[in-house]
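Colleague: Sequence plus the predicted model coming up.
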Amino acid sequence: MGAVRSGKAGTVRDWMSREPVTVTPEASIEHVIRLMRARGIRHLLVMDGERLAGIVSNRDVRRLLLGGEHSIPPSAPVTRVMTESPVTVSPETPLTVAARELLDRKIGALPVVEGDRPIGILTKSDALEALLAWAEGPE
């Protein structure tokens, strides 16, 4: 991570998780839950072919499954709980700008797109790792 060693936080490309886990819009909420548990992740990208249709978090799923009279059955498609047209960043976005988006919008992850194609995901955990690396300096 050369950017950190030079005193800068770097770009999203330096810290994003590559090859994000994806599902199709037809995937059931139950499938999404199983996939998140199996992979140990909290966010999935919803892809309609090559197009980013949305993002879903474990918080989205929990909130709507436990919504009392407004709850959604686990067999329902992920489109019922996903965030459509999510805010995205490019891999060249400065990490500080992306971190500010995460904080200001109170979201846990940003899809990283190159052109229209998702190539990664930047989570709050990724941004925190970058901050710690910057604060601790070179080893």
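Modeller: Cool, the structure landed. Numbers count the residues shown, from 1 in each chain.
Colleague: Could you find the closest non-adjacent residue to the spatially most central residue of the chain?
Modeller: Centroid-nearest residue in the chain: residue 109, 3.3 Å away (criterion: C-alpha atoms, centre = their mean). In space, residue 109 comes closest to residue 43 once its chain neighbours are excluded; the distance is 4.2 Å by C-beta to C-beta, 6 or more residues apart in numbering. Using the backbone N, CA and C atoms, a C-beta is placed for each residue, glycine as well.
Colleague: my read: that neighbour touches residue 59, true?
Modeller: No. Residue 43 is beyond contact range of residue 59, at 9.3 Å (criterion: C-beta atoms under 8 Å).
Colleague: of the two, who's got more company?
Modeller: Neighbour count, other C-beta atoms under 10 Å: between residue 43 and residue 59, residue 43 has more, with 24 against 13.
Colleague: so who does that one touch?
Modeller: When contacts are counted by C-beta atoms under 8 Å, 6 or more residues apart in numbering, residue 43 is found next to 20, 55, 56, 57, 58, 108, 109, 121, 123.
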